[in-house]
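Engineer: Just a sequence and a predicted model for now, questions to come.
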Amino acid sequence: MKYRKDRAGNDVSILGMGCMRFKDKAETERMILAAIEGGVNFFDTAYIYPGSEVTLGEILSKHGKREDVLIATKLPLTKCRSFADFDFYFNESLKRLQTDYVDYYFMHAMSSFAQWEQLRELGILEWIKGKKASGQIRQVGFSFHSTHEDFIKILGDYDWEFCMVQYNYYDENYQAGRAGLKAAAAKGVPVFIMEPLLGGRLAVDLPKDAEAAFRAVDADRTPATWAFWWLWDQPEVTMALSGMNSTRILQENLKAVEDFRELTEAENAVYPKVVDIFKKSYKVPCTGCNYCLPCPQGINIPGVFSAYNTSYAHGFFPGIMMYSTTAGVMLEKRKSPKLCNGCKKCEKECPQNIDITGELKKVGKRFEKLPLRIGFSMVGKYMRKAKRKKNENTGN
């Protein structure tokens, strides 16, 4: 494992584990222990990640690994209405994590400078001062989803000890962007990276032509490794956070760390080519974070967006097959994007600021054409009839 320093002088593994996408608990336990064995020491969770803090806390406590790792969790800003709320959510996180302190505490998903000003009015600075004095919070920072201008304002308004931004070779100038990365580094603020693989899109969903462009330079390097190396090649990047959910993915990422070296001029030159190819296929910038869920109409928003992007990146047939599952086209009560009533509840939660209602219309237009709807209806009726017959024959 390779490490870089945080503000306090701690060694931080350049590969961190994002804990938002945990699945099977047994596999998660194996993965976390293997990650620690492999040198990963940064584990990132949040109050609002379902089951994440509890799972992480139980595994670390069970194996006596709390002091071997750095835990980061987050204050749910949109839930805070009073000074007392700060303690409520923080204490609940400590309880879930089975610890009496956190190494990094984030102001979660800062979306504007006005939001930070509201927190200050509620007394957040006084609260942070008290928690740091007690040792319950070792370092404080913020994660960010807004414009570059807001990032610079927030960055300059407090002596932050770290920050986290969405950054990858596709999103080089998105939100805080490269300019924000350099501004933070100039102030001595370590920068942690979220979405280094754009929700996995830069690892498994690259168009074939984009993968071919990478292979032409190095036939053996994986797309995920290309994405991580682009980040680690920048000294301003302290750590890249990967939302791993299997030991196999962990081992692949550990190998990327082990093999990492400075990029050559020829290697750097291939990224713009891949971005140009990717832009033609990647229609909706959804990372699958699921903040938009649950939809009041039951629409699997990230799922149908993934199918939509797949239909352009890998062909219409793979896309329509994925869509048929995520939209429940075989069910009597389908979850079509056409059910969207424009309530915009999802858009208020989306950290990517996607025009979700508008994009759902495009998805519906592509996949819900009359011939396809007739086909879905016929296949759905056949499948339901076959299922009923099977149940009758088995007595269920």
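Structural biologist: Looks like it came in fine.
Engineer: quick one: low-confidence parts of the stretch 251-396 of the chain?
Structural biologist: Within the stretch 251-396 of the chain, the segments meeting pLDDT under 70 span 328-333, 370-396.
Engineer: can you map out the helices along it?
Structural biologist: Taking DSSP state H, counting those that start in this stretch, the helices of the stretch 251-396 of the chain run over residues 265-281, 301-313, 316-326, 345-349, 356-367, 370-394.
Engineer: Do a quick rundown of the strands in the stretch 151-300 of the chain.
Structural biologist: In order along the chain, the stretch 151-300 of the chain carries the following strands (DSSP state E, counting those that start in this stretch): 162-166, 191-194, 237-242.
Engineer: Which strands border the longest one, and is each parallel or antiparallel?
Structural biologist: Looking at strand 237-242 with DSSP bridges, its partner strands are strand 15-18 (parallel), strand 191-194 (parallel).
Engineer: returning to what we had before: which among the strands of the stretch 151-300 of the chain is found nearest to residue 369?
Structural biologist: Taking C-beta to C-beta as the measure, the strands of the stretch 151-300 of the chain were each checked against residue 369, and strand 162-166 came out nearest at 34.0 Å. Glycine gets a C-beta too; all of them are placed from N, C-alpha and C.
Engineer: the inter-axis angle of the closest one versus strand 237-242?
Structural biologist: For strand 162-166 and strand 237-242, the angle between their directions (axes from the mean of the first three to the mean of the last three C-alpha atoms, to 10 degrees) works out to 50 degrees.
Engineer: Mind listing residues that contact strand 162-166?
Structural biologist: The contact list for strand 162-166 (C-beta atoms under 8 Å, 6 or more residues apart in numbering) reads 6-7, 104, 106, 139, 141-145, 151, 155, 174-176, 180-181, 184, 189-195, 238, 241, 287, 351.
Engineer: how close does the closest residue to residue 172 other than its chain neighbours get to residue 237?
Structural biologist: Take residue 172 and drop its neighbours on the chain: the residue closest to it by C-beta to C-beta, 6 or more residues apart in numbering is residue 178, 5.4 Å away. Using C-beta to C-beta, to the nearest Å, one obtains 10 Å as the distance from residue 178 to residue 237.
Engineer: Repeat that for residue 293.
Structural biologist: Taking C-beta to C-beta as the measure, residue 293 falls 30 Å from residue 237.
Engineer: Tell me which of the two has more neighbours.
Structural biologist: Neighbour tally, residue 293 and residue 237, criterion other C-beta atoms under 10 Å: the higher count belongs to residue 237, 22 against 15.
Engineer: Now do the same contact list for the more buried one.
Structural biologist: Residue 237 touches 14, 167, 181, 191, 193, 231, counting by C-beta under 8 Å, 6+ apart.
Engineer: partner residues bridging it?
Structural biologist: Taking DSSP bridges as the rule, residue 237 bridges to residue 191.
Engineer: Can you pull the domain assignment for this protein?
Structural biologist: What the record gives for the chain is the domain set 3-281, 301-394, from automatic domain parsing.
Engineer: just the ones you listed: most buried one?
Structural biologist: Relative to the other members of the domains of the chain, domain 3-281 carries the highest mean neighbour count by mean count of other C-beta atoms under 10 Å, namely a mean of 18.
Engineer: Can you get me the start-to-end distance on that domain?
Structural biologist: One end of domain 3-281 to the other measures 35 Å (C-alpha to C-alpha, to the nearest Å).
Engineer: how distant is that domain from the center of its chain?
Structural biologist: If you compare the mean C-alpha spot of domain 3-281 with that of the full chain, they lie 9 Å apart, counting by C-alpha atoms, centre = their mean, to the nearest Å.
Engineer: ditto for stretch 292-308
Structural biologist: What separates the centre of stretch 292-308 from the centre of its chain is 16 Å, taken as C-alpha atoms, centre = their mean.
Engineer: Grab the nearest non-local neighbour of residue 192.
Structural biologist: Spatial nearest neighbour of residue 192, chain neighbours left out: residue 164 (4.3 Å); criterion: C-beta to C-beta, 6+ apart.
Engineer: Test of understanding: give the bridge partners of that neighbour.
Structural biologist: Each beta-bridge partner of residue 164 is listed here, defined by DSSP bridges: residue 143, residue 192.
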